[in-house]
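*Asks:* here's a sequence, model it:
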Amino acid sequence: MASSNYCVISSVFLFLFRFLFFPTEAVPLYSSHCCTDSLKFEPNRTFQTNLNLLLSSLTSNATEGSHFYRTRVGSTAPNAVTGLFLCRGDTLSAACHDCVAAAATEIKRRCPVEKEAIIWYDICMLRYSNQSILNNIVPGVDLFDAKNVSVKELKRFNELLANLLNGLASKAANSMEDNKFATGEVNLTSTETLYGLVQCTPDLSLFDCNMCFSSAIASVPNCCDGKRGARVLLPGCNIRYEVYPFYNSTKSLTPSVLQSRHSVMDLNSLWFCLAQEGSVEVFLAFVIPIVAAMVLFTFGIYSAMRKQGRDVIQLWKKTVIYS
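*Replies:* Numbering: from 1, shown residues only. The predicted model follows:
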């Protein structure tokens with residue numbers, strides 16, 4: 001009986017711990033795709049085998065904590081295939097893997113016999129080709145919010161937007177880090193903020209990254225003039241802006257959290273993460289009360305179960321005596 005109660009209490013404690021510290025991950029959101037219809041392969045041949053191996057390799061390498069990976073399967077044409085994935089720079093490793101896995105499955109469904117294809121999700125992009133992946137500007141996709149900025153605000157909105165995107169593009173292209181990713185914001189009014197995000201694939205040179213960003217930003221007035229939110233998706237880069245926060249603040253993500261995936265973090269690891277950030281007070285003020293509340297909650301359940309058990313035994317005894 002004691003062993004059974006211990007199992008129940010342990011299960012409740014672990015459930016509450018996982019619920020508090022490991023929220024359910026969102027399903028990757030599909031954005032768009034593009035297939036090159038002029039280049040097709042015959043099913044069940046060498047190219048399809050190599051493509052399947054490539055997509056499997058991309059998915060497995062998305063678990064390594066990297067936001068970008070590029071590889072090639074096969075050594076000679078016409079059966080060699082090159083591919084890559086790019087996850088948004090603010091994305092956790094677990095979400096990156098889930099997005100790449102979804103993209104690898106969906107691209108085969110949407111482009112079943114094409115030798116060249118690309119698919120975009122909200123937080124990742126996956127691409128493959130039987131040729132060298134050098135084209136970073138076309139094809140492109142524009143996605144935008146249906147709502148417009150008011151006419152009287154349009155000029156100021158466009159000026160702020162252009163300055164924001166160009167500043168972020170310069171910052172990302174010249175970044176010494178591997179992800180060539182930048183986010184930022186600017187105040188539109190006293191109550192409204194404009195948020196921007198840009199990213200290009202880390203394998204691009206400074207020149208190619210700048211060219212891709214320039215092409216993407218230059219397309220905004222044509223596709224999305226006055227729109228309160230828009231995305232321009234290119235093979236080599238992407239830009240996005242919204243009037244609401246749509247990206248995560250990388251300042252709040254510690255290395256331990258960025259590498260996590262469905263593993264249970266013990267309290268010693270949590271203490272280390274907080275101490276690294278100089279936030280021991282946060283641990284004392286926030287984590288300990290939560291754990292204490294969880295212990296009291298499980299103890300309450302345990303006490304209730306014991307009381308219920310005693311009541312059942314007493315009732316059983318009375319039933320035996322008076323029967």
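*Asks:* for Asn136, which non-adjacent residue is spatially closest?
*Replies:* Leaving aside its chain neighbours, Asn136 sits nearest to Gly236 (2.5 Å; criterion: CB to CB, 6 or more residues apart in numbering). In short, each C-beta sits where N, CA and C put it, glycine included.
*Asks:* kindly report the same for Tyr244.
*Replies:* Distances taken as CB to CB, 6+ apart place Tyr195 nearest to Tyr244, at 6.9 Å, with adjacent residues excluded.
*Asks:* how about Arg231: which residues does it bridge to?
*Replies:* Beta-bridge pairing of Arg231 under DSSP bridges involves Leu143, Arg240.
*Asks:* could you check how many residues crowd around it?
*Replies:* A total of 24 residues lie near Arg231 under the criterion other CB atoms under 10 Å.
*Asks:* gap between it and Cys223?
*Replies:* Per CB to CB, to the nearest Å, Arg231 is found 10 Å from Cys223.
*Asks:* find residues that contact each of the two.
*Replies:* Contact criterion CB atoms under 8 Å, 6 or more residues apart in numbering; residues shared by Arg231 and Cys223: Asp142, Phe144.
*Asks:* one step back: residues touching the residue nearest to Tyr244, list them.
*Replies:* Residues near Tyr195 by CB under 8 Å, 6+ apart: Thr183, Gly184, Glu185, Tyr241, Glu242, Val243, Tyr244, Pro245, Phe246, Tyr247.
*Asks:* got these as JSON lines, with distance to Asn44 and secondary structure columns?
*Replies:* Output for the contacts of Tyr195, formatted as JSON lines (distance: CB to CB, whole Å; DSSP: H, G, I helix; E, B strand; the rest coil):
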{"residue": "Thr183", "distance to Asn44": "44", "secondary structure": "strand"}
{"residue": "Gly184", "distance to Asn44": "49", "secondary structure": "strand"}
{"residue": "Glu185", "distance to Asn44": "51", "secondary structure": "strand"}
{"residue": "Tyr241", "distance to Asn44": "44", "secondary structure": "strand"}
{"residue": "Glu242", "distance to Asn44": "44", "secondary structure": "strand"}
{"residue": "Val243", "distance to Asn44": "49", "secondary structure": "coil"}
{"residue": "Tyr244", "distance to Asn44": "47", "secondary structure": "coil"}
{"residue": "Pro245", "distance to Asn44": "47", "secondary structure": "coil"}
{"residue": "Phe246", "distance to Asn44": "42", "secondary structure": "coil"}
{"residue": "Tyr247", "distance to Asn44": "42", "secondary structure": "coil"}
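*Asks:* from those residues, keep the buried residues only.
*Replies:* Neighbour-count burial within the contacts of Tyr195 applies to Thr183, Gly184, Glu185, Tyr241, Glu242, Val243, Phe246, Tyr247; the criterion is 16 or more other CB atoms under 10 Å.
*Asks:* need the pLDDT of the fourth one.
*Replies:* Just to be clear, that refers to Tyr241. pLDDT for Tyr241: 97.
*Asks:* my read: it touches Ala216, true?
*Replies:* No. Contact criterion CB atoms under 8 Å: Tyr241 and Ala216 do not qualify, at 11.2 Å.
*Asks:* where do the helices of the stretch 101-250 of the chain begin and end?
*Replies:* Taking DSSP state H, counting those that start in this stretch, the helices of the stretch 101-250 of the chain run over residues 151-173, 206-224.
*Asks:* burial of Pro43, as a residue count?
*Replies:* Pro43: 9 neighbours (other CB under 10 Å).
*Asks:* mind listing what it touches?
*Replies:* Pro112, Val113.
*Asks:* which pLDDT value goes with it?
*Replies:* 90.
*Asks:* any chance you could list what contacts stretch 220-231?
*Replies:* With contacts defined as CB under 8 Å, 6+ apart, stretch 220-231 is touched by 31, 141-149, 154, 157-158, 161, 165, 232, 238-244.
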